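# test case, fold it:
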Amino acid sequence: MSAATHHATQAFTAGIDHFGAPWPGFGEHAAEPAIGPSQSAIADASDPRAIYQTLLGADALRYLTLQVTGAKGSGHPGGFASSAEAHAALLMLGHTNIVTEVGHHAPGFYSAMFLDTSLEEMGIRTVAELRARFREREGLLGHLSGAIPGILSPAGPLGQGQHFAMAGALLHPEKLFPVTLGDGGMGEPYPLSAMMHFHTAYPSVTNFLPVLVWNGYSQEHHAMVSTWDNARMLAYWRAHGFEEVILVDAKDFDDSGQEAPYVDSTHFSLGGRLAFAGAVLEGVDRAARSALGGRLTAFIIKQLKGAGVHTTGSKSHNLYPQDTLDQPHIIEGLKRRALPEQAWTIVRENFRRAGGGPAVGTVVTEQAVSLPALGELPMQPFAVGDKQVPSTAMGALVAAVGKADPRFVVTNADGNEASAMKNINDALGIRHPTTDPLYNQRPDGQVYEPLNEDACAGLAAALALFGGRSLWLSYESFAINGWPIFQTVTQAMAELRRRTPSVIAMFTAGALEQGRNGWTHQRPEIESYVAAQMRNGNVYALFPSDANMIQAAYAWALEGWNKGVAIFASKSPLPVRTTPEQAREAVERGAIRLYESAGGDKGTVVFAVTGDMVLLPVFEAKHQLESQGYRVRIVAVVNPRRLYRPRDVAWETCAQPDNLFLDDDHFNALFDGDLLCAVSGGPGAPLEPVLLRTRTHRRELLVWRRGETTASPGELMGYNGLTGDDITERALAALG
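A predicted model of the protein is given here:
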């Protein structure tokens, strides 16, 4: 080893507490990196040097995972440890676009990014710095974040990772997207069904590779699939459409006498360990070739949770404050995995060369995807006073986007036709293996319709995060089932180092429209979720008040970057109240005056309203109040994020900061009066910025209370105290 190389090794290994002796055969099999200087992967998965160095890589990942978590007495080493051979094999084979559904594998992924030098992008050059920055602000989050150099996607709630892998595969057909899943996460009902539906819709897109880490345990107990034998596990995956399922069971290589069905390969002899690592390397290679060759493929590594760290089973899942680097059980675990200094150099060079260079410069999410220009959208100007269906008006624009961008995908679980958006289906087609013009079905359609909001939100959000255009359409009532990944992705977008199209959703069939369906279809809580996220700085809830305004809202959302935008609108014919120019102004500024009385000497009643259908009783109340001598101003609250004060919102922390807020003079001109009545057909949360800033002391809040089966929207409004009479009565009582 040259003096320069030795100095570099010393520099990055600073902070490693324990070094070990070279393994037998080190001089023969690890004299030079198996991935050559001009290569991006090993040449032969059966090469003994490649197998030997894959095992070195697996133990390097285990060591760093345990030392990093032990440095903070916090974090999750056990799950990743049981996947270490598979992860190292993927890297040695040059497949570095790896995502995961398991946020608990974060310290292992960070260790890989450290070894390939990607973390130098954020100033982490030594193991000491890696330890110091783990689980610290401006450092390495406890669960994976796509903001970390080289990491493709966030990983928080289980059951999300497959969406990122499928989105990557759809946008980049020439690359492999492995996604690691834990057997604990198989308790989630969605991962395999989501992949099966995706494969049915996109049968030629097989370049994603689920890698099941079958280790027998979840977070605090045995995994629910821990009692299955190998045949049952293989049958389970095949039943979900997987044509090729490759399972490598560590027990088949055990020469240490472990009796349990899940074994720790790190207790095998070196020969046994190399045999297991070789089987994993060959199996991953075969699986990758199969997936890239057009067959839906899965790889399963079966090995005891915690293999090679401080303990095993669920007890290895999490470190606690007492599990620090000075404790005997942590020291013993580290010493078992300790590598000689020269081994660290070999592993680092292999990982740095894998995939064509450090992940920070080569994985797909480190560059923006080239998008086709949309051109001028076919905005249809509706005359004020007309009755038009807002959702249908937006549908025409969605169709135009899909025509301009062939990779654009619309997702919907409950049917566009039911939301008065059949024009989308007519133009873009529902992606389905059965061609049927009656139902707009065709194999090349751009409308993706699994009957599962998690799958709809998952693919739409993942496509946006990975750089593509998408739109999630849903009933307001059911959207809650898909919200976790929308939340995860929008938070990630706030942190990204690159621009990416905003995540856009549009929710129809608000509570007020769904009388006859009863409370099952009358759940506006989703508006509260979006409102709670508005303070993040990059999340926007839009409440267009008519068909002109919804077009302006969607156009505005399309022009943005790294935002999460949720549009709420009706599927019923409603009066057009704004011109196209006024509509654009309303979306940009946050609110607009829809009406103001010419006279009235008893005082001014201001209505601040989110929604479109609920404006009907508000205008009824306006007539009654005017007849009693009051001046009435009706203000549509369209983009409430714009109505906060700058200090209320974490806008300055966002990667694509937006510091546009309505100033005090314009805000007061809209909302000053003798009484402010905040009205919503949903919850009151989106009206928070108005109630927070208003100078008016007398206030009323009239919002949704609960659902019930009714014959009409009017009857449902009455049940919730939102009729014109109800609003008038509340206003007069407040005025005294």
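# can you give me the pLDDT of residue 666?
Looking at residue 666, its pLDDT reads 98.
# tell me how far the longest helix along the chain lies from the chain's centre.
The residue-count maximum for a helix in the chain (DSSP state H) belongs to helix 48-72. Chain-centre distance of helix 48-72: 29 Å, with Cα atoms, centre = their mean, to the nearest Å.
# let the chain start at 280 from now.
Will do, 280 is the new start, and the previous item becomes helix 327-351.
# who does that helix touch, helix- and strand-wise?
With contacts taken as 3 or more Cβ pairs under 8 Å, 6 or more residues apart in numbering; DSSP states H and E, helix 327-351 sits against helix 305-308, helix 357-360, helix 363-371, helix 385-394, helix 406-412, helix 549-571, helix 607-616, helix 620-632. All C-beta atoms are positioned from the backbone trio N, CA, C, and that covers glycine.
# which of those helices sits closest to residue 299?
Closest approach to residue 299 among the helices and strands packed on helix 327-351 is made by helix 607-616 (7.3 Å; Cβ to Cβ).
# tell me the mean pLDDT for that closest one?
On average, the pLDDT along helix 607-616 is 96.
# what's the angle from it to helix 327-351?
Helix 607-616 and helix 327-351 meet at an angle of 160 degrees, taking axes from the mean of the first three to the mean of the last three Cα atoms, to 10 degrees as the criterion.
# which ones are touching residue 685?
Residue 685 makes contact with 651, 725 under the criterion Cβ atoms under 8 Å, 6 or more residues apart in numbering.
# and it, what pLDDT?
Value for residue 685, per-residue pLDDT: 97.
# domain ranges for the chain?
282-642, 666-1014 (automatic domain parsing).
# redo the ones you listed as CSV? Include distance to residue 655.
Listed next are those as CSV, based on distance: least, Cβ to Cβ, whole Å:
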stretch, distance to residue 655
domain 282-642, 25
domain 666-1014, 9
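# looking at those domains, which is closest to residue 648?
Ranking the domains of the chain by proximity to residue 648 (Cβ to Cβ) places domain 666-1014 first, at 3.0 Å.
# how long is the closest one end to end?
33 Å (Cα to Cα, to the nearest Å).
# so which of the helices and strands packed on helix 327-351 is the most packed in?
Neighbour counts (mean count of other Cβ atoms under 10 Å) averaged over each of the helices and strands packed on helix 327-351 peak at helix 357-360, with a mean of 32.
# can you confirm residue 579 is in a strand?
Yes: assessed with DSSP: H, G, I helix; E, B strand; the rest coil, residue 579 lies in a strand.
# partner residues bridging it?
Beta-bridge pairing for residue 579 (DSSP bridges): residue 491, residue 526.
# can you tell me, leaving aside adjacent residues, what's nearest to the residue sitting furthest away from the middle of the chain?
Distance from the C-alpha centroid of the chain, by Cα atoms, centre = their mean, peaks at residue 880 (53.2 Å). Distances taken as Cβ to Cβ, 6 or more residues apart in numbering place residue 908 nearest to residue 880, at 6.1 Å, with adjacent residues excluded.
# tell me which element the one you found is part of?
Using DSSP states H and E, residue 908 is not contained in any helix or strand.
# from what I see, it and residue 883 are in contact.
No: with contact defined as Cβ atoms under 8 Å, residue 908 does not reach residue 883; the gap is 11.3 Å.
# out of those two, which sits in the more crowded spot?
Higher neighbour count among residue 908 and residue 883: residue 883, with 18 against 11, using other Cβ atoms under 10 Å.
# what's the distance between that one and residue 975?
Distance of residue 883 to residue 975, given as Cβ to Cβ, to the nearest Å: 9 Å.
# if I look at the two, which residues touch both of them?
Shared contacts of residue 883 and residue 975 (Cβ under 8 Å, 6+ apart): 951-954.
# and the pLDDT at residue 310?
pLDDT recorded at residue 310 is 96.
# mind listing what it touches?
By Cβ under 8 Å, 6+ apart, residue 310 has no neighbours at all.
# secondary structure class for it?
At residue 310 the chain is in coil, as set by three-state DSSP.
# for it, phi and psi?
Main-chain torsions, residue 310, degrees, to the nearest 10: phi -70, psi -40.
# give me the low-pLDDT residue ranges for the stretch 430-579 of the chain?
Low-confidence segments of the stretch 430-579 of the chain (pLDDT under 70): 466-468.
# circling back: of the helices and strands packed on helix 327-351, which is nearest residue 345?
That would be, of the helices and strands packed on helix 327-351 and by Cβ to Cβ, helix 607-616, which comes in at 5.6 Å.
# any idea which element residue 676 lies in?
Per DSSP H and E: helix 669-683 holds residue 676.
# give me the contact list for the next helix or strand after that helix.
Toward the C-terminus, helix 669-683 is succeeded by strand 688-691 as the next helix or strand (DSSP H and E). Strand 688-691 has contacts (Cβ under 8 Å, 6+ apart) with 449, 677, 681, 695, 698, 703, 707, 725-729, 734-736, 738-739, 742, 747-753.
# in helices, which of the residues you listed appear?
If you go by DSSP H, the contacts of strand 688-691 have 449, 677, 681, 703, 707, 734-736, 738-739, 742 in helices.
# nearest to residue 979, of those residues?
Nearest member of these to residue 979, counting by Cβ to Cβ, is residue 736, at 34.8 Å.
# number of nearby residues for that closest one?
28.
# tell me who's in contact with the closest residue to it other than its chain neighbours.
Spatial nearest neighbour of residue 736, excluding adjacent residues (Cβ to Cβ, 6+ apart): residue 761 at 2.9 Å. With contact taken as Cβ under 8 Å, 6+ apart, residue 761 is in contact with 692, 732-737, 751, 753.
# including pLDDT and distance to residue 622, could those go into CSV?
Below are the contacts of residue 761 laid out as CSV (pLDDT from 0 to 100; distance: Cβ to Cβ, whole Å):
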residue, pLDDT, distance to residue 622
692, 90, 50
732, 91, 48
733, 91, 43
734, 93, 43
735, 95, 47
736, 95, 44
737, 95, 40
751, 97, 47
753, 92, 52
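# could you work out the most separated pair of those residues?
Maximum pairwise distance in those, criterion Cβ to Cβ, is 12.3 Å, between 737 and 753.
# give me the more crowded residue out of the two.
When residue 737 and residue 753 are compared for neighbours, residue 737 comes out ahead with 32 against 27, by other Cβ under 10 Å.
# tell me the buried residues in the helix or strand hosting residue 967?
When elements are assigned from DSSP H and E, residue 967 belongs to helix 967-972. Neighbour counts using 16 or more other Cβ atoms under 10 Å place 967-969, 972 of helix 967-972 among the buried residues.
# and it, how far out from the chain's middle?
Distance of helix 967-972 from the chain centroid (Cα atoms, centre = their mean) equals 29 Å.
# mind listing what's buried along the helix or strand just after it?
Using DSSP H and E, the helix or strand that directly follows helix 967-972 along the chain is strand 978-981. By neighbour count with 16+ other Cβ under 10 Å, strand 978-981 contains the buried residues 979, 981.
# who are the packing partners of strand 978-981?
strand 954-959, helix 1003-1014.
# tell me what the longest one is packed against?
Here helix 1003-1014 is seen to pack against strand 883-889, helix 894-906, strand 954-959, strand 978-981 when contacts are counted using 3+ Cβ pairs under 8 Å, 6+ apart.
# how far off strand 954-959 does that helix point, in degrees?
Angle, helix 1003-1014 to strand 954-959, by the same axes, to 10 degrees: 140 degrees.
# show residues contacting helix 1003-1014.
The contact list for helix 1003-1014, computed with Cβ under 8 Å, 6+ apart, reads 881-882, 884, 886, 896-900, 902-904, 907, 909, 953-954, 956, 958, 977-979, 981, 996-997, 1000.
# list only buried entries from the residues you listed.
Neighbour counting by 16+ other Cβ under 10 Å classes 884, 886, 896-900, 903-904, 909, 953-954, 956, 958, 979, 981, 996 among these as buried.
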